[in-house]
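could you work out the structure for the sequence below:
(chains A and B)
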Amino acid sequence: MESQGAADEKWLQGLIAAGLKIGISKRELLEDYYPDELALVFSEYARLSAPPEERVEEAYGDDLW
Amino acid sequence: MDFMRKSLPKTVKVCGYEIKKMPMGAFLNALETIQTAPTKILNAIWPGKTLDEVLFDLKHLDEQMLVQLITGALSTAAPMLLSMLSELSGIPEEKLREDPNIGPAGIVEIIKTVWEVNDLKNVVAALGDLWSRKAPQMKSGSRA
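Reported below is the predicted structural model:
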């Protein structure tokens, strides 16, 4: 089991892995993206990839009959 | 509009040189240089001394030692400061040192421009937030 300290030290590799998961190569991550835009790109990707919210409608038994 | 600016390249010309917004890789390299710089500068000014000895010297500083310290700092630490600024700005070190268009006022202007072009105030704040969220929480009490 990896310790939290060791996992924290590998934060850059974690960021690279997260980038690869959404289609950003390591070279692109390091050479094409700015530090202040990366978090925004990841959060927008998460928003676009989220499953659509289930629409819940309230109905009364009487309305069904 | 503010969000748009975060993703667009930005270049500002100062003293005849272009300062470009740093992408992630260049930013991380610069951050590493800055992190290791204080130790290097201390070693340059007080060669072979431990941190305790440096602190002892600083506590017993007199006027003559102060003059020695400033002279030493200027002659030994200045090249390191220029090397750091070169990495941050992309301007070759020898240009920073020798170009008559730059000079001391130009150096200050370049530092300010690097700070503004990269929006370092917000980047440092964001990294600080990230760091404090990752910091381990201390719990009081015992397990017994």
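
just the strands in chain A please.
Using DSSP state E, no strands are assigned anywhere in chain A.

which single residue of it ends up nearest chain B?
A:L30 (3.1 Å; Cβ to the nearest Cβ). The way it works is simple: take the backbone N, C-alpha and C, and place the C-beta from them, glycine included.

so that residue makes contact with B:M24?
Yes: applying Cβ atoms under 8 Å as the test, A:L30 and B:M24 come out as touching, 5.2 Å apart.

okay, now the unreliable bits of chain B?
Low-confidence segments of chain B (pLDDT under 70): B:1, B:70, B:72-74, B:124-144.

closest point of it to chain A, which residue?
Across chain B, the shortest distance to chain A (Cβ to the nearest Cβ) belongs to B:G25, at 3.1 Å.

ok but that residue is inside a strand, no?
No: read with DSSP: H, G, I helix; E, B strand; the rest coil, B:G25 is helix and lies in no strand.

what about it, neighbour count?
Neighbour count for B:G25, taken as other Cβ atoms under 10 Å in any protein chain shown: 16.

so what's the residue of chain A closest to chain B up against?
With contact taken as Cβ atoms under 8 Å, 6 or more residues apart in numbering or on different chains, A:L30 is in contact with B:23-25, B:28.

what subset of those residues is buried?
Neighbour-count burial (16 or more other Cβ atoms under 10 Å in any protein chain shown) is assigned, among those, to B:23-25.

show me where chain A has its helices.
For chain A, helices defined by DSSP state H occupy the ranges A:4-9, A:11-21, A:26-31, A:35-49, A:61-64.

for B:K121, list the residues it contacts.
Counting by Cβ under 8 Å, 6+ apart, B:K121 touches B:W115.

pretty sure it sits in a strand.
No: going by three-state DSSP, the assignment for B:K121 is helix, not a strand.

from the contacts of A:L30, which single one is nearest B:G16?
Closest approach between these and B:G16, by Cβ to Cβ: B:P23, at 23.2 Å.

which non-adjacent residue is nearest the closest one?
A:E31 (5.3 Å; Cβ to Cβ, 6 or more residues apart in numbering or on different chains).

how about the residues of chain B that lie near chain A?
With Cβ under 8 Å from any Cβ of the partner chain as the criterion, chain B comes near chain A at residues B:3, B:6-7, B:21-25, B:27-28, B:118-119, B:122-123, B:126, B:134, B:136.
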